[in-house]
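Engineer: Requesting a structural model of the entry that follows:
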Amino acid sequence: MTSSRIILISIFTLAIATFENVDGDKGRQKDKPDPGRKILVEEFKDRNTGCVITYEYYKNPEGEKILHGKYKRQWSISQNDRSSWSGREQITATFVENRLNGVVTINCEKYKWKRKSEYIKGKGRKVSMVPVESYLANNLKLVVKNDTLAGSFNFELGNLRYEAQGKVNEAGEMQGKYVLYRRNTTEDTKNARNIGQNWVVEEEYLCDPEYTYKDAIPNITEVNLGYPGTSRSEQIRIKIPRLRLSIAPK
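Structural biologist: The predicted model follows:
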């Protein structure tokens, strides 16, 4: 009787182990990329601006496009009275399963314009276009992991400068000091210390995800890349890291 019970228990245990092994294999198979998946290439040209976007993708079982592979956006627009933007831009990047991963390279020289009306004595009113923002980048390389800035960084685009003193962990959380600066375009400021300064602090956070009590809620949550040169919805979105505040010393 005892011998039969031991045999039954052994068979039952083996069956459970086999079931768990098969189930686990199924889970791993599901997460594994399909080796037979076909990567397609598509080029989109905006008829209004001339912007050309080339990207690699595949289609999931539901027929949806999943960005996966190389991505390139390129455009050039001459300055004229009808458009508030002019200049040129080229961005190259890599997508993995619809998310930016790897190095995003930005080359651009683009300007935002606005109309300025002024009265000139003896000549009447004159309307002209004046630049209010400039985005200048020469081979700017941003390391991105899952749509989020990774590592330490210090760069400027437009009227903003992004700086991370420390590192970004695997979870995309800032560990150290994060500062966002805004270009000081006027000396008419409430803070006298800002007068004559090229950059003033817009947001500043000391972060430590290991010893924290709350998340910061920054006003700027992603890199402002400026005009994308196309009416198509923006595909390049680079988030700043998650800012988990360190406990401030008393």
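Engineer: Now do the same contact list for the closest residue to S246 other than its chain neighbours.
Structural biologist: Using Cβ to Cβ, 6 or more residues apart in numbering and skipping residues adjacent in sequence, the residue nearest S246 is D208, 3.6 Å away. Quick note: C-beta positions are derived from backbone N, CA and C, even for glycine. Contact analysis of D208 by Cβ atoms under 8 Å, 6 or more residues apart in numbering lists 175-176, 244-247.
Engineer: Quick check: phi and psi on D208?
Structural biologist: Torsion angles at D208 (phi, psi; degrees, to the nearest 10) stand at phi -150, psi 100.
Engineer: sorry, back to before: quick check on the contacts of D208: which are buried?
Structural biologist: 175-176, 244-246 (16 or more other Cβ atoms under 10 Å).
Engineer: which one of those residues is nearest S76?
Structural biologist: S76 lies nearest to G176 out of these, by Cβ to Cβ, at 38.3 Å.
Engineer: Identify the residues contacting the closest one.
Structural biologist: G176 neighbours (Cβ under 8 Å, 6+ apart): 152, 164-167, 206-208.
Engineer: In helices, which of the residues you listed appear?
Structural biologist: Among the contacts of G176, no member falls in helices (DSSP state H).
Engineer: I'd like those as TSV, with pLDDT and distance to G102 appended.
Structural biologist: Shown next, in TSV, are the contacts of G176 (pLDDT from 0 to 100; distance: Cβ to Cβ, whole Å):
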residue	pLDDT	distance to G102
S152	89	17
A164	94	18
Q165	90	23
G166	90	21
K167	88	18
L206	92	29
C207	91	24
D208	89	27
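Engineer: From the residues you listed, pick the one nearest R37.
Structural biologist: K167 (33.9 Å).
Engineer: Quick one, grab the pLDDT at E62.
Structural biologist: Note for E62: predicted pLDDT of 90.
Engineer: quick one, phi/psi of R47?
Structural biologist: Main-chain dihedrals, R47, degrees, to the nearest 10: phi -70, psi -20.
Engineer: what's the spacing between it and Q235?
Structural biologist: Distance of R47 to Q235, computed by Cβ to Cβ, to the nearest Å: 18 Å.
Engineer: Of those two, give the one with the bigger neighbour count.
Structural biologist: Higher neighbour count among R47 and Q235: Q235, with 18 against 7, using other Cβ atoms under 10 Å.
Engineer: In a helix, that one, correct?
Structural biologist: No - per DSSP: H, G, I helix; E, B strand; the rest coil, Q235 lies outside any helix segment and is coil.
Engineer: right, and it touches Y57 too?
Structural biologist: No - contact between Q235 and Y57 fails when scored by Cβ atoms under 8 Å: they sit 10.6 Å apart.
Engineer: shared neighbours, these two?
Structural biologist: Shared contacts of Q235 and Y57, defined by Cβ under 8 Å, 6+ apart, comprise L67.
Engineer: So which residues of the protein form helices?
Structural biologist: So, for the chain - with DSSP H - the helices run 2-31.
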